[in-house]
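Enquirer: The sequence isn't on hand, but the structure is:
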């Protein structure tokens, strides 16, 4: 009987007292301050503070998960016509040499200069057309392709629908870091889309591929199974 009384008394002591988290001295369970060190006792534990911080961060993470962010914006680069620029430069150098060898008269030189001027003016017009014709925009959820000058066409592809991203470059284009990006997707309107004249082509292709992977992970879709 004495043993039972001792057990119950020890349990009661544990229920009505607790240890101070700062000095480990026994204090009453409902005490607000430790009688030994004087520090407050109603502070949450480290684990409780950690769980509270997590619970506060979860709503903001959910709210921001659907936010669409712009990752890249561009248009047709002048370096996309690098092959034509090289030809025009060669023509600008070679044609006067040919004129000198042929001993052209004044009219011949005027015609030659006019031809070179028309060549460069034509290339600049083509470049201006391409720059006004296309606009590219990549967000965390979509790839937007705008085309047209007088009439505007908008083509949107969900990055989650993109199946493959590849680059195509010629020899001179590789030197200047420009090329064409080809996108294969499950989009029925345009399953294969070419984006020509992209500067820093490998970097942009990597951005598209990373956005595709991130969106599929966000929506819980395994990349290999889509």
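Expert: Arrived safely, thanks for sending. Computed from a prediction, not measured in an experiment: that's the story for all the values here. Numbering: from 1, shown residues only.
Enquirer: which secondary element of this structure has the worst mean pLDDT?
Expert: Taking mean pLDDT, DSSP states H and E as the measure, the helices and strands of the chain show their lowest mean at helix 46-65, namely a mean of 45.
Enquirer: Show me what the helix or strand just after that helix is packed up against.
Expert: The C-terminal neighbour of helix 46-65 among helices and strands, as given by DSSP states H and E, is strand 70-74. The helices and strands touching strand 70-74, judged by 3 or more C-beta pairs under 8 Å, 6 or more residues apart in numbering; DSSP states H and E, are strand 134-139, helix 201-218. From N, CA and C alone the C-beta is placed, and that goes for glycine too.
Enquirer: Can you spell out the domain ranges of the protein, please?
Expert: Residue ranges of the domains in the chain are recorded as 16-64, 70-225, according to automatic domain parsing.
Enquirer: residues in contact with the closest residue in space to residue 186 that isn't next to it in sequence?
Expert: With sequence-adjacent residues excluded and distances taken as C-beta to C-beta, 6 or more residues apart in numbering, residue 186 is closest to residue 161, at 4.7 Å. Listed by C-beta atoms under 8 Å, 6 or more residues apart in numbering, the contact set of residue 161 reads 185, 186, 187.
Enquirer: Same question for residue 102.
Expert: By C-beta under 8 Å, 6+ apart, the contact list for residue 102 reads residue 108.
Enquirer: 10 Å instead, please
Expert: By C-beta atoms under 10 Å, 6 or more residues apart in numbering, the contact list for residue 102 reads 108, 112.
Enquirer: Distance of the most centrally placed residue in the chain relative to residue 189?
Expert: Residue closest to the average C-alpha location in the chain (C-alpha atoms, centre = their mean): residue 71, at 4.0 Å. In this structure, residue 71 lies at 22 Å from residue 189, with C-beta to C-beta, to the nearest Å as the measure.
Enquirer: In stretch 130-149, which of the residues would be classed as buried?
Expert: Burial within stretch 130-149, assessed by neighbour count using 16 or more other C-beta atoms under 10 Å, is assigned to 130, 134, 135, 136, 137, 138, 139, 140, 141, 142, 143, 145.
Enquirer: next one: stretch 201-215
Expert: Of all the residues in stretch 201-215, those buried under the rule 16+ other C-beta under 10 Å are 201, 204, 205, 208, 209, 211, 212, 215.
Enquirer: Tell me the one of the residues you listed nearest residue 95?
Expert: Each of these was checked against residue 95 using C-beta to C-beta; the closest is residue 201, at 32.3 Å.
Enquirer: What average pLDDT does the helix or strand in which residue 131 is found get?
Expert: For residue 131, the host element (DSSP H and E) is helix 106-133. When pLDDT is averaged over helix 106-133, the result is 94.
Enquirer: chain center to it: distance?
Expert: With C-alpha atoms, centre = their mean, to the nearest Å as the basis, the distance from the averaged C-alpha position of helix 106-133 to the chain average is 38 Å.
Enquirer: counting contacts, what elements does that helix pack onto?
Expert: Using 3 or more C-beta pairs under 10 Å, 6 or more residues apart in numbering; DSSP states H and E, the elements in contact with helix 106-133 are helix 82-102, strand 192-199.
Enquirer: Contacts only, for residue 93.
Expert: Residue 93 makes contact with residue 116 under the criterion C-beta under 10 Å, 6+ apart.
Enquirer: typo on my end, residue 166
Expert: Taking C-beta under 10 Å, 6+ apart as the contact definition, residue 166 lies against 179, 180, 181, 182, 183, 184, 205, 209.
Enquirer: And residue 179, by the same measure?
Expert: Residue 179 makes contact with 77, 79-80, 166-170, 173, 195-202, 204-205, according to C-beta under 10 Å, 6+ apart.
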